[in-house]
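J.: let's see this in three dimensions:
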Amino acid sequence: MAEAAILSAVKALGVLMVEKAGFLQGVEEQVKWLKRELKRMQGCLKEAAEKQAQDGNIRQWISDIREVAQDADDVIETFILKFDTPRSSEWSLERLIYIPKHLYHLNMVGKEINSIKANLEDFERRRVRYGIQNHGEMTKSSRRTEVGEVERRRRLSPWQKDEHLVGLERDMKLLLENAILDGRDGLAVATVAGMGGIGKSTLAKKVYNHSDVVKRFDMRAWVVVSSDFRPRDIIKELMLQLLEPKENKLTLVEIMEKLPLPNVQQLLHERLCGKRYFIVLDDLWENKHWESLATVFPVEGQGSRLLLTSRDRNITKHAHYIHEMKLLDPDESWKLLMKKAFIDNNEGKCPDDLYDIGREILKKCDGLPLAISVVGGQLVDRSPSKSTWEKVLKEINSHLETRESKASDIMELSYHNLSPELKSCFLCLGFFKEDAIIPARKLIQVWTAQGLIQQERRGENTTMDEIGQSYLDELINRNMVQVKDMSYDGSLKTCHIHDLLRELSIRKAKEEISFEIRREDGSSQSLDKPRHRAVYCSTETFIYSASKNKYLRSLFIHGSDNRIDVKPSYWKSFELLKILDFEDFILHRLPDTIGELTGLRYLGLRNTKISELPRSLGRLKKLEVLDVAKNYTNVPNVIWEMDTLRHLYMHHGHRFMGGPLRIHTLKNLHTLSYIRTDNFVHENLTQLASLRILGIVILSSNFKFNTLCSSLKNLVCLKVFSVYMNSISMDVLSTMGNLTKLKLRGQLIKLPDFPPNLSYLTLVLAELLHDPMPVLEKLPKLLGLKLVLAYKGQKMEVSEKGFPKLKVLILRHMQDLETIQVGKGGGMPELKRLEIYNCSNLVKKLPEKLRLITVLLEE
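T.: Below is the predicted model:
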């Protein structure tokens, strides 16, 4: 399909017509015609896609349209970037010099559009010849209908983190009895083997979280290995998961990065020695990968366990137990389809008139859980109809007409049935590393920077991030994306994509949006005009034809053990770049020429060890996201010049050159975290009218918190506030009536008066000596409470009228806590979930009422 390319070009034309209308004299009608013609072509593509499998001419027609749409996008984007109106509105000398230059390039745009017009007229003649019907462009009415459908589906299908366990109960029982809880001394290794999409990781996760497993082992950790095998990253991840509560994560990371790999492996070995541990190595691909990791794990005593998952049963031939996964039988397949297709129907029952059609659909899935889940996502509907199910069956039959019944083909059909916007969003998932845990906020910000979020979907009080979240919800509802971690407030923190679906995303992205992958082993194939690129990385693979760089819109650099050392002038070749992401790549510095990338909207420098940002950063006037978290960096005082910035992620170790950071101009800023209170002008906060999320670090015990709160209390959009501090008075918090989420990390002398509208409260390392419950239970709107190392006492008491609306209570790392007493008449009447981690004395003495809703968690 060419939908993604046309969608991008149409959006660029829309921006040109709105923002640069005054500079289009002479070509304005040509621009309008081009936009109108591309939208008309979009109306032909669905039918063309259905016919292309049987007709090579139509396949070529679609490919040609895609290429021309991408060329149009290049022309318009170049014009917008290079010839923006000068900021001065007066007739200055600079402006007079600018006019001839502008007229020259306006003339060039006209010529380019005429060339594109000739191609589109040829496409129209070919369309008629091939018998492709033109169903017209989407009207405002049909757009509203589609928007309403997405919103309706999102409401009716609330996704959940827990995956449906169908056909795995017996597998879990066998695995626990024969491998994990079998009582054998020493280290034992078990393997779960089976084809992709069969449920290996789902089974391993259920075993990992089983209450008997949680109780038995001193330490547990889970790491994904993947085909992109990086032993240092795997060992580092295991070390971080096995941190003691009071250990400093950043300090440990710095120590590990300075050590050679054998020393890092020795650190992990020493941490595990003498402990009964349970570790999952998920998605092992090769035996040599296992062999390079095996020596890290102590084998003596204690009854420790390693659980491996792999598509290859020959990996770890000498495992003590190998569990071979089986495909679902017809009844199990039906049960899973019912859970996925009738997610709102508690009984999961199928109407009689859909039964036979459903059984026929299942035959095409071959009992593979992933294929059944994806098809079930297509069938979700509040009022399921026979015609809808027959249409899905017909599409599956048509799609598989010339092929075997394969899961990958079922998934491709699910992609085919996505809306153009969701297709474009799905294609971006291939930019991330295999088995990556993707922060939801980052994925949505990438979509936004690409221009994939539809402006017309915005209501008066709806943000771009909220629209992006609705897109992600829809992909999750369709089982194209999987939930990884959720916050205790029910919001999505991280997600991931199954290997088979990622392969589909990459394959389609190569076809649709000219995505290429560059690898240091030379196994990748380059494109003539790549628009998006992921580099798995050494300097040699990064440095690639500068003439090809000029087409790129996004560049993702992956790797951790390499460094890029290129000439500063090389960066100038990425003239149309919108997204540049180096997260977790050792970078150290950015050249001053980064300021030449004036179209950049997303700059990801998280955890890159970058020591200094160049002053030229202030020239990035379109930048929306700047992420320099997890670095100790010298930051020039130029961020105030980026007045389109919406999300700014910092670190308390930043050093600001040129005085405290000025942020008064950032009227569009939604997120500011984390920044030290001595590093910015507090009065500037009153100017941040759009600020929604704020995270600060207070190092001085003499800090006047009341002064800061007086600057914050009038920010009506501010909902989330996180404070890292130690032993300061915070009584004025109660004046911040708009806050709904609050996190305090650090020692508290006493509990402050809290904001009255709090829904979620987190206290970490508060180390309170007195029971906090008598104060906290009076918060009238509190829905969630999380206490981590927050209380040193032995007993908590909740009165019979305490916590009237609390639904979730999380208690972690409070070893002295022995009991929770709840008033006889009730107390916490709405509590649905009590999560406990590392509070061993409490687990033994829980009241029966709480025991029924308690979950023992991994960290």
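
J.: confirm for me that residue 514 is in contact with residue 548.
T.: No. If you go by CB atoms under 8 Å, residue 514 and residue 548 don't touch, sitting 10.4 Å apart. No exception for glycine: its C-beta is placed from N, CA and C like everyone else's.

J.: who has more neighbours out of these two?
T.: Neighbour count, other CB atoms under 10 Å: between residue 514 and residue 548, residue 514 has more, with 22 against 16.

J.: the closest residue to that one other than its chain neighbours: neighbour count?
T.: Leaving out its chain neighbours, the residue that sits closest to residue 514 by CB to CB, 6 or more residues apart in numbering is residue 531, at 4.2 Å. If you count neighbours by other CB under 10 Å, residue 531 ends up with 22.

J.: begin at 186 from here
T.: Yep, numbering from 186; the last one is residue 716 now.

J.: what segments of the stretch 286-435 of the chain are strands?
T.: Secondary structure of the stretch 286-435 of the chain by DSSP state E, counting those that start in this stretch: the strands cover 373-378, 404-409.

J.: nearest to residue 542, out of those?
T.: When the strands of the stretch 286-435 of the chain are compared by CB to CB, strand 373-378 sits nearest residue 542, at 33.6 Å.

J.: who does the closest one touch, helix- and strand-wise?
T.: helix 385-393, strand 490-495, strand 506-509 (3 or more CB pairs under 8 Å, 6 or more residues apart in numbering; DSSP states H and E).

J.: most packed of those?
T.: Sort the helices and strands packed on strand 373-378 by mean neighbour count, taking mean count of other CB atoms under 10 Å, and strand 490-495 sits at the top with a mean of 25.

J.: I would like the residues contacting that one, please.
T.: 360, 364-365, 372-378, 385-386, 389, 392-393, 402, 462-470, 475, 482, 500-501, 504 (CB atoms under 8 Å, 6 or more residues apart in numbering).

J.: just to be sure, residue 242 is in a helix?
T.: Yes. Per DSSP: H, G, I helix; E, B strand; the rest coil, residue 242 lies within a helix segment.

J.: over to residue 907: give its phi and psi.
T.: Note on residue 907: its backbone torsions stand at phi -120, psi 130 [degrees, to the nearest 10].

J.: contacts only, for it.
T.: Going by CB under 8 Å, 6+ apart, residue 907 touches 858, 859, 879, 880, 881, 927, 928, 929, 930.

J.: residues shared between the contacts of residue 699 and residue 733?
T.: Both residue 699 and residue 733 are contacted by 712, 714, 715, under the criterion CB under 8 Å, 6+ apart.

J.: so which of those residues wins on neighbours?
T.: For these, the largest neighbour count, defined by other CB under 10 Å, is 22 neighbours, found at residue 715.

J.: ok, it touching residue 736?
T.: Yes. The criterion here is CB under 8 Å, and residue 715 meets it with residue 736 at 6.1 Å.

J.: joint contacts of these two?
T.: With CB under 8 Å, 6+ apart, residue 715 and residue 736 have common neighbours residue 699.

J.: still on that earlier bit, can I get the strands of the stretch 286-435 of the chain in a markdown table including mean neighbour count, mean pLDDT and distance to residue 540?
T.: Shown next, in a markdown table, are the strands of the stretch 286-435 of the chain (neighbours: other CB atoms under 10 Å; pLDDT from 0 to 100; distance: least, CB to CB, whole Å):
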| stretch | mean neighbour count | mean pLDDT | distance to residue 540 |
| --- | --- | --- | --- |
| strand 373-378 | 23 | 93 | 33 |
| strand 404-409 | 19 | 92 | 39 |
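
J.: closest one to residue 216 among those strands?
T.: strand 404-409 (47.3 Å).

J.: the strands in the stretch 686-835 of the chain, which residues?
T.: Using DSSP E, counting those that start in this stretch, strands in the stretch 686-835 of the chain cover 700-704, 717-721, 739-743, 764-766, 787-789, 810-812, 819-821, 832-834.
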